[in-house]
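Trainee: build me a model:
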Amino acid sequence: MLSAFRSALATPDLRKKILFTLMIVAVYRIGATMPAPGVSYPNVQACQAQVQDQNIFSLLNLFSGGALLQLSVFATGIMPYITASIIVQLLTVVIPRFEELKKEGQAGQSKLTQYTRYLTIALAILQATGVVALADRGQLFGDCDQPVLPDNSVYSLALTVLTMTAGTAVMMWLGELITERGVGNGMSLLIFLNIAARIPAEGANILNNQGGLVFFFVCVLGLAIIASVIFVEQGQRRIPVQYAKRMIGRRMYGGTSTYLPIKVNQAGVIPVIFASSLLYLPDLIGRLVGNPNEASWWQRFLQTYLVDQSSWVHILMYFALIIFFTYFYITITFNVDERAEEMKKFGGFIPGIRPGRPTAEYLGHVLSRITLPGSIYLGIVAILPNFFLSITGEGQNQNFPFGGTAVLIMVGVGLDTVKQIESQLMQRNYEGFLR
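Mentor: Reported below is the predicted structural model:
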């Protein structure tokens, strides 16, 4: 990996792409620390120092790189774009028009990207409105009595919402710039950056609160988890595919042998995001519609069994939801009938399996068998922080940074970025037969 980066820096146009990406990253980090208009930055810092109950917003704060609880310009983070992308991807199965656009190639994909942008802005408005409403009611930081929004007039609150929404649009634009002129997938790199920005602060908290021995133990355990995740993420089942020979004019085409790769973790990190969002939703609704001064019985029930991440009820429900959403998402995105029809259309077949319906049944059988260990693996990695909290008794503080959504995204994006750099290096260094 280090040799690939060294070779990339030695290649002029790749070096320009890497420097351009670093410049965009610097611009993004400046926006992530810049307070939105109408926000009292000293009061926000005072509330963050006082309040420990932040687990309801831990996922959103993770994807925003800590910008959410600072109420910065990029407070809404990249989460609206992720949600919009997932919704559009799922709608391609439900809406025939979207399915037609998906099959049209580059033109159809551009149209779907445009729909994703519009939906991202709409979701950013909703999320920014919810964040500002919670901050205005004093519920974003729990029991903190410092006014983070001193001027709560309609104009001031609307300006804050508009600024946060514009911040999401700018983030989306920066991610697309990295994709077009930089290295790798821009949105994924921004998410990677947000998560990586939180690790030093989490490590400092462990070192200050638990001591050097616990910090060393967490680092060793984190490296073991990262190595295990890399090993599983690289695992795949390769189904052999043979293409028949065809005569077109005087030329013989086909007759090649290849394989269809099915990863152990075919669903990626999407089931973890679904499960986390579903568990956070009841408490978020309770905070918006409930009485901030007096908690009802159902709010206390949610706080005890669903919101508390060290609760065994929360851990078991989280694990079960991840397994369910893994099967659901793979069923939606990996259509075995379409794959079998494509193979039949181009003259491909699996040795020993008849084309058509038998091929689809065989692919479904293999997919269902490999999805079970993949879903269990996702669930185990995702509940590691919660299990750590329940064992150590840390309560509401999620201070185990090497588990769950963070490590899955960081490993996946890191591997994908290295592969893209290596592929571009191979294109530039390939000499071919002519010298």
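Trainee: contacts for stretch 334-353 next, please.
Mentor: Stretch 334-353 has contacts (C-beta atoms under 8 Å, 6 or more residues apart in numbering) with 239-244, 246, 254, 260, 266, 355-357, 359-364, 367. C-beta coordinates here come from the backbone N, C-alpha and C atoms, glycine included.
Trainee: mind doing that once more with 6 Å?
Mentor: The contact list for stretch 334-353, computed with C-beta atoms under 6 Å, 6 or more residues apart in numbering, reads 240-244, 254, 355-356, 359-360, 362-364.
Trainee: make TSV out of those residues and add secondary structure.
Mentor: Converted to TSV, the contacts of stretch 334-353 look like this (DSSP: H, G, I helix; E, B strand; the rest coil):
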residue	secondary structure
240	strand
241	strand
242	strand
243	strand
244	coil
254	coil
355	coil
356	coil
359	helix
360	helix
362	helix
363	helix
364	helix
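Trainee: quick one, which of those are buried?
Mentor: Neighbour counting by 16 or more other C-beta atoms under 10 Å classes 241, 242, 243, 355, 359, 360, 362, 363, 364 among these as buried.
Trainee: who does the third one bridge with?
Mentor: Right, the one you point to is residue 243. With DSSP bridges as the criterion, residue 243 is bridged to residue 348.
Trainee: now stretch 348-357: mean pLDDT?
Mentor: What stretch 348-357 shows for mean pLDDT is 85.
Trainee: what is the burial count for the nearest residue to residue 206 once chain neighbours are set aside?
Mentor: Closest residue to residue 206 apart from its sequence neighbours, by C-beta to C-beta, 6 or more residues apart in numbering: residue 215 at 5.1 Å. Applying other C-beta atoms under 10 Å, we find 17 residues neighbouring residue 215.
Trainee: residue 215 contacts residue 208, correct?
Mentor: No. Applying C-beta atoms under 6 Å, one finds residue 215 not in contact with residue 208, separated by 9.1 Å.
Trainee: could I get the full set of strands for the protein?
Mentor: All strands of the chain, identified by DSSP state E, fall at 236-243, 246-248, 251-253, 257-263, 348-349.
Trainee: what number of residues lie near residue 88?
Mentor: When neighbours are counted by other C-beta under 10 Å, residue 88 comes out with 20.
Trainee: contacts only, for it.
Mentor: Listed by C-beta under 6 Å, 6+ apart, the contact set of residue 88 reads 112, 115, 116.
Trainee: please tell me the pLDDT value assigned to it.
Mentor: 86.
Trainee: the spatially closest residue to it that is not a sequence neighbour: neighbour count?
Mentor: Spatial nearest neighbour of residue 88, chain neighbours left out: residue 116 (5.0 Å); criterion: C-beta to C-beta, 6+ apart. Neighbour count for residue 116, taken as other C-beta under 10 Å: 18.
Trainee: over to the one 4 residues further on?
Mentor: The burial metric for residue 120, expressed as a neighbour count using other C-beta under 10 Å, is 26.
Trainee: and if you look at residue 89?
Mentor: Neighbourhood size, residue 89 [other C-beta under 10 Å]: 17.
Trainee: pLDDT at the nearest residue to residue 425 once chain neighbours are set aside, what is it?
Mentor: Spatially, and ignoring its direct neighbours in sequence, residue 425 is nearest to residue 7 (5.5 Å; C-beta to C-beta, 6+ apart). Residue 7 is assigned a predicted lDDT (pLDDT) of 71.
Trainee: measure residue 7 to residue 14 for me?
Mentor: Residue 7 sits 8 Å away from residue 14, taking C-beta to C-beta, to the nearest Å as the criterion.
Trainee: more crowded one of the two?
Mentor: Set residue 7 next to residue 14 and count neighbours by other C-beta under 10 Å: residue 14 wins out with 18 against 15.
Trainee: show me where pLDDT drops low in the protein?
Mentor: 1-5, 8, 48-67, 138-139, 141-144, 246-255, 283-310, 386-404, 427-435 (pLDDT under 70).
Trainee: domains for it, by residue range?
Mentor: Annotated domains of the chain cover 1-182, 203-435 [automatic domain parsing].
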